[in-house]
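A.B. asks: got a predicted model here, sequence first, then my questions.
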Amino acid sequence: MERLRFMHLRFVLAACIALLAAAGCASTNTTGVGIDAQRAALYRAHAGEPIDGFLGRINGWTSLDDTALVVWTGANRGYLLEVMGPCQELPWAHTITLSNGQFDRVSRFDELRVIGRGVAAIPCQIREIRPIDVKAVKEARKQAREAG
């Protein structure tokens, strides 16, 4: 019985070590810079001048960090939304909604409501909207893949 418990403990320990190693690989690259931070920097670098709002049905979104996300209105059309201060659940959000109740009209006066791991929707005021140069983002990704 003691031997069985020892083998079980070894298995659990090995599984924990593997899990920690996998988590470390998923969150950083070889330079130690977070993948999410690189992705956020890429979108910010290829975002245009701030606009008051846009028309177009939102059909997807990509969380960048706790202050920004990209909303998609088409395969080649996206907008960087920066919010005031950190929006606590944004990196883990399951769902987002807008205070205006519409997904085809977004203004910088709207609030983004984030539904994440918590129960309540957390409101986050949109500070800035900038159109993304999706072609430039794709080209930068291609160059990064080719370089390393």
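C.D. replies: Right, received. Where do you want to start?
A.B. asks: quick one, longest strand in this structure?
C.D. replies: strand 122-132 (DSSP state E).
A.B. asks: now for that one, which elements pack on it?
C.D. replies: Under the contact criterion of 3 or more Cβ pairs under 8 Å, 6 or more residues apart in numbering; DSSP states H and E, strand 122-132 touches strand 53-55, strand 77-83, strand 105-107, strand 111-115. (Glycine included, C-beta is placed from N, CA and C.)
A.B. asks: what about Ala121, how many residues nearby?
C.D. replies: When neighbours are counted by other Cβ atoms under 10 Å, Ala121 registers 17.
A.B. asks: that one and Val137: what is the separation?
C.D. replies: 29 Å (Cβ to Cβ, to the nearest Å).
A.B. asks: ok, Val106 next?
C.D. replies: 20 Å.
A.B. asks: does Arg117 touch Trp92 like I think?
C.D. replies: Yes. Arg117 lies in contact with Trp92 (Cβ atoms under 8 Å); the separation is 5.5 Å.
A.B. asks: more neighbours: which of those two?
C.D. replies: Trp92 (12 against 9).
A.B. asks: so who does the more buried one touch?
C.D. replies: By Cβ atoms under 8 Å, 6 or more residues apart in numbering, Trp92 lies in contact with Ser63, Gly116, Arg117.
A.B. asks: just send the helices and strands packed on strand 122-132 back as JSON lines, with mean pLDDT too.
C.D. replies: Shown next, in JSON lines, are the helices and strands packed on strand 122-132 (pLDDT from 0 to 100):
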{"stretch": "strand 53-55", "mean pLDDT": "93"}
{"stretch": "strand 77-83", "mean pLDDT": "96"}
{"stretch": "strand 105-107", "mean pLDDT": "89"}
{"stretch": "strand 111-115", "mean pLDDT": "88"}
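A.B. asks: so which of these gets nearest Ser99?
C.D. replies: strand 111-115 (3.8 Å; Cβ to Cβ).
A.B. asks: per-residue pLDDT, the spatially most central residue of the chain?
C.D. replies: Central residue of the chain (Cα atoms, centre = their mean): Ser63, 2.1 Å from the mean position. pLDDT, Ser63: 93.
A.B. asks: quick one, phi psi at it?
C.D. replies: phi -80, psi 130 (degrees, to the nearest 10).
A.B. asks: pretty sure it is touching Thr95, no?
C.D. replies: No. In this structure Ser63 lies outside contact range of Thr95 using Cβ under 8 Å: 11.4 Å.
A.B. asks: all good on my end, thank you.
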